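Student: how would this look folded up:
(one chain, ligands or ions: 1)
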Amino acid sequence: MPELVLELNGRTWALDPSRSYTLGRDPQGDVVIDDARVSWRHATLTWNGRSWVVTDHGSTNGTYARGLRVQQADLAPGEPVHLGNATDGPRLTVAAGATAADTGAYAGTAAPQPQPPAHGAQGAWQQGAAQSAAPAQAAPAAAPAAQPVPAQPPAPSDRQSGQWQQPAAPQGRVPHQQPPAQAAPYGEQPGPGGSGGPQGPGHGPGSPGGGAPGPAYGDRSPTTFHQVALGRVMRIGRALENELVVSDLQVSRHHAEFHATPDGRFEIRDLGSHNGTYVNGQPLAKSGTALIGAGDIVGVGHSTFRLVGDRLEEFVDTGEVSFSARHLTVTVDGGKQILRDVSFGVPEKSLVAVIGPSGSGKSTLLKALTGYRPANQGDVLYDNRNLYKQFAELRQRIGLVPQDDILHKELTVRTALKYAAKLRFPADTTAQEREARIDEVLRELKLDIHKDKKITALSGGQRKRVSVALELLTKPSLIFLDEPTSGLDPGMDRDVMQLLRGLADDGRTVLVVTHSVAELALCDKLLVMAPGGAVAYFGPPEEALNFFGYESWADVFSAFENYRDYDWAGRWKGSQHYQMYAADLDAQAPQPAQAAPVQPVRQPKPQGWGAQLLTLIRRYLSVIASDKGFMALMVILPAVLGVVSTLVSSDFGLRPGTRGPNGSAAVILLILAVGACFAGAANSVRELIKERVIYERERATGLSRSAYLMSKVIVLGLITVLQGAIIGGIGFGMRDLPEEGLVFGSSLVLLELTLPIMGLGFTAMMFGLIISSLVKTAEKTMPLLVMFAIIQVVFTGCLFFLHGQTGVNELSYLMPSRWAVAAAGATAQLNVLFPNQDDPTDTDPLWDHELGVWVFDMGILLALGVLCGLVVARLLRRHEPEVMRK
Ligand SMILES: Nc1ncnc2c1ncn2[C@@H]1O[C@H](COP(=O)(O)OP(=O)(O)OP(=O)(O)O)[C@@H](O)[C@H]1O
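Tutor: Numbers count the residues shown, from 1 in each chain. Below you'll find the predicted structure:
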């Protein structure tokens, strides 16, 4: 029987095949390896009757055989296995030729005899004299953790001695959780699903970034594999007639195909898929091709393919993925760091809570973790794939529930989800397929009994469930939530947290930023942020208070407040908890300060532009139609404005008076123009700000900016133009009108006068959109709306003669009311009705009674509207995830 030789610092051990051995930094383990790249409980060694087998426990830095990261490997003579690093990590080798007689015998010569079991657990071998000490000594510098905070009031009893205190006894936990005693450091919980089952790929490509691929996820067992042959085309898609059928709604019916080139190489071709085909995380051009070599990862929906010899291995991401952040640092303009060197990691099926005082960088961290605002330094690893570099592909696996609801509350639960599904799933999914998925999610979240209720009619907790349901539609593996329980009562708080616990148990990783500390015990891990954006603690929630030495979170937060300048991060890094839960992640060198900043890449859109536009228009109309009061107002408001204008007494309406001038014509025009300005701008001024969170989220899932904007322009434009028709129809229709028009002769003078009012309403609506995209809160829109309308009043030219007023007249060219009044004034001969009183011979050329002038005035009016549209598109960009900006 071969003796296992652990080659580490020149020492060797002979191990007993009748038992297994744990390897890692845990001083209580069997083979203690004091190397920061090695995880606390890194791997196990067992004799399977034929060979020694090393099984990785989901370690952070991996176990490597022949340069590939492995989950399990046989140890063969001459084929060493490395821990923590493929080339120079601690090395395990089997010495050939050893016999069973050697078993249990210490084979080294240069090193001391193996130490007696330090803790008696399993007759552990310690790694030499230096490691034979008690665990507290083995853990580096635990003492600083126990240093009382300077000038801090007497701490609770368990830290009086100033020594490191053992973690508190576990508090009661819900059945979902593993007992804290078993809570292992990152990557070391095998997880209820076991670690060798079919899982998603990506557990450790040699180069997790988007650059040259390295050996890919060798530690994952493929879900299935397919034989590829020269001349054989393997088409991947949702439809049953494909060679590789992928039952995933993110995948198009005919998505992509593998085929061999005549020279024996393999190629992947995108078949015009909706959600894109990715090679090493980078999207292929629509219908584009790429050569595939060994180690390249092809991503199609939740599936990933890899070519191994003549075999195509398929890995399905069922959600059980690890997630880690390494050295995340965010620096804002001025050089201030608002997130400092944050590292943590969690294995699959984890629920992680992030807490911290206000301003400690929780939101910044969430943005960095989701790619909304990538960190300036550091990486986010999704199952060891670099999220920032492979965002285009991995974003589809991430769900984000912002603090504000991401659904239109006026809709019923089912209708809201229906539109969301339509926008997020590929265009070739059928309504039945989407409905089926919606039903599935509603059932899972126990919302089926509420599906026909309006979201406004639901309780806060149920509403949050609906937001979660929306995100679950696309089966994300990672779900982030920003303060989902804020504003909820304690019962709902627990309800939502238990929901999240269930989501994690069902095979997802869930990270929740929260202010509520009542239900932290439901979480697997707790990340506590300190003022300044650094980590103050990461580990099991039940050990956290003990770690800080306080009895309540209120005390901890008070300490943060009272000792803002205290080095909380230093305290954490000097602690044993740090050694157990984060040191192995920190051992990785940080990425250089964004040498290659995250570049926005072409993001495939699940739906074509036209389909998105149609869905958005339909959704918007549904939202409007759901509010009958609003619809009634849409008609009443312009009617009232039109009728009010008729109160202006005028003997001649819009015709010249007996002696020519007719000042009341200018007043009528002024009232109608201001009415159109108000109505148009009021329609749109809150539209973008109230939907900003929804837009931000949908943009990250592939929504087209221009389709979104166009849907607003079309619907609001239509409403505003109709309102303009009502204002003008009533306002002008009740008056004497000129006998002859410029465009339609004498037949449609009313229409000719009303068109500028309609155009003005449209352009004012576009100005309203600018305001809506500029402001930070909806409250700010009202003062700006009033300001806009008053400015329009001044620049109509109906209060004082603008032509010839240097500066003021030029400024008026920017005002839509100037051009609308000018167009109507051209028809009504405003130069005659409202002449310059100082010099009646001085006429305004914009009011000349000529067809060309009318057309020019109207052209400029509408051009201003188009210009506003371009400005809005530009401003919308500011509210998008950074990686989506282009
Ligand atoms: N773009 C920015 N420029 C400058 N400072 C910023 C920027 N964004 C955030 N900050 C600052 O960074 C700190 C962390 O902000 P962040 O919103 O992440 O905190 P938080 O923990 O989420 O707070 P809260 O609990 O109140 O939501 C705050 O002091 C904030 O003022």
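Student: confirm residue 542 sits in a helix?
Tutor: Yes: remark: residue 542 belongs to a helix, assigned using DSSP: H, G, I helix; E, B strand; the rest coil.
Student: pretty sure it contacts residue 523?
Tutor: No: counting by Cβ atoms under 8 Å, residue 542 sits too far from residue 523 to count as a contact (9.6 Å). For every residue, glycine as well, the C-beta is placed using N, CA and C.
Student: first-to-last residue distance for stretch 286-298?
Tutor: 15 Å (Cα to Cα, to the nearest Å).
Student: buried ones in it?
Tutor: 289-290, 292, 295-298 (16 or more other Cβ atoms under 10 Å).
Student: most widely separated two among the residues you listed?
Tutor: 289 and 295 (18.3 Å; Cβ to Cβ).
Student: can you list contacts of stretch 680-688?
Tutor: Residues outside stretch 680-688 that contact it (Cβ atoms under 8 Å, 6 or more residues apart in numbering) are 634, 637, 695, 712, 716, 719-720, 723-724, 760-769, 771-773, 778, 781-782, 784-785, 788-789, 872, 876.
Student: give me the subset of the residues you listed that lies in helices.
Tutor: 634, 637, 695, 712, 716, 719-720, 723-724, 760-769, 771-773, 781-782, 784-785, 788-789, 872, 876 (DSSP state H).
Student: got a quick PyMOL command for the buried subset of the residues you listed?
Tutor: Buried subset of those, written as a PyMOL selection, criterion 16+ other Cβ under 10 Å:
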select buried, resi 634+637+695+712+716+719+720+723+724+760+761+762+763+764+765+766+767+768+769+771+772+773+781+784+785+788+789+872+876
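Student: need the residue closest to the centroid of this protein.
Tutor: residue 370 (4.5 Å; Cα atoms, centre = their mean).
Student: tell me if stretch 551-565 is near the ligand.
Tutor: No: counting by Cβ under 6 Å from any ligand atom, the ligand has no neighbours in stretch 551-565; the shortest distance is 11.0 Å.
Student: for stretch 302-313, how far is the first residue from the last?
Tutor: 14 Å.
Student: give me the contact list for that stretch.
Tutor: Contacts for stretch 302-313 (Cβ under 8 Å, 6+ apart): 200-202, 216-217, 222-229, 234, 236, 244, 246, 248, 250-251, 258, 266, 292-299, 314-318, 396-397, 475.
Student: which among those residues count as buried?
Tutor: 200-202, 216-217, 222-223, 226, 228, 234, 236, 244, 246, 248, 250-251, 258, 266, 292, 295-299, 314-318, 396-397, 475.
Student: among those residues, which lie within strands?
Tutor: 226, 234, 236, 244, 258, 266, 292, 297-299, 314-316 (DSSP state E).
Student: can you redo those residues as TSV with distance to residue 734 and pLDDT?
Tutor: Output for these, formatted as TSV (distance: Cβ to Cβ, whole Å; pLDDT from 0 to 100):
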residue	distance to residue 734	pLDDT
226	77	74
234	73	84
236	67	88
244	70	82
258	72	84
266	76	82
292	74	83
297	71	85
298	69	88
299	65	87
314	73	82
315	73	81
316	70	81
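Student: and those, which two are furthest apart?
Tutor: 266 and 316 (20.5 Å).
Student: residue 542 and residue 523: who's more crowded?
Tutor: Neighbour comparison, residue 542 and residue 523: the larger count goes to residue 523, with 28 against 22 (by other Cβ atoms under 10 Å).
Student: surely the more buried one meets residue 354?
Tutor: No: in this structure, residue 523 is not within contact of residue 354 by Cβ under 8 Å, at 9.7 Å.
Student: between those two, which contacts overlap?
Tutor: residue 512.
Student: hey, which helix or strand in the chain has the poorest pLDDT?
Tutor: The helix or strand of the chain with the lowest confidence, counting by mean pLDDT, DSSP states H and E, is helix 135-138 at a mean of 32.
Student: how about the residues of the protein near the ligand?
Tutor: 332, 338, 356, 358-364.
Student: just the buried residues of the residues you listed.
Tutor: Buried among the residues of the chain next to the ligand (16+ other Cβ under 10 Å): 338, 356, 360-364.
Student: out of these, which are inside strands?
Tutor: Per DSSP E, those map to strands at residue 338.
Student: in a markdown table: the buried ones among the residues of the chain next to the ligand, plus pLDDT.
Tutor: A markdown table is the format used below for these (pLDDT from 0 to 100):
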| residue | pLDDT |
| --- | --- |
| 338 | 92 |
| 356 | 93 |
| 360 | 91 |
| 361 | 92 |
| 362 | 93 |
| 363 | 91 |
| 364 | 92 |
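Student: only the buried residues of the helix or strand containing residue 307, if you could.
Tutor: Assigned by DSSP states H and E, residue 307 falls within strand 303-308. Across strand 303-308, burial judged by 16+ other Cβ under 10 Å covers 303-307.
Student: farthest pair within the residues you listed?
Tutor: Counting by Cβ to Cβ, the most remote pair of the buried residues of strand 303-308 is 303 and 307, 14.0 Å apart.
Student: tell me the mean pLDDT for stretch 407-417?
Tutor: On average, the pLDDT along stretch 407-417 is 94.
Student: need the CA coordinates for that stretch. CSV is fine.
Tutor: Output of stretch 407-417 as CSV, limited to C-alpha atoms (Å, rounded to 0.1, in the frame of the first residue of the first chain):
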residue,chain,number,x,y,z
LEU,A,407,-42.6,47.0,-10.5
HIS,A,408,-45.4,49.3,-11.6
LYS,A,409,-47.5,49.2,-8.5
GLU,A,410,-50.7,50.1,-10.4
LEU,A,411,-50.6,46.7,-12.2
THR,A,412,-51.8,43.4,-10.8
VAL,A,413,-49.0,41.0,-9.7
ARG,A,414,-49.5,38.8,-12.7
THR,A,415,-49.7,41.6,-15.3
ALA,A,416,-46.5,43.2,-13.8
LEU,A,417,-44.7,39.9,-14.0
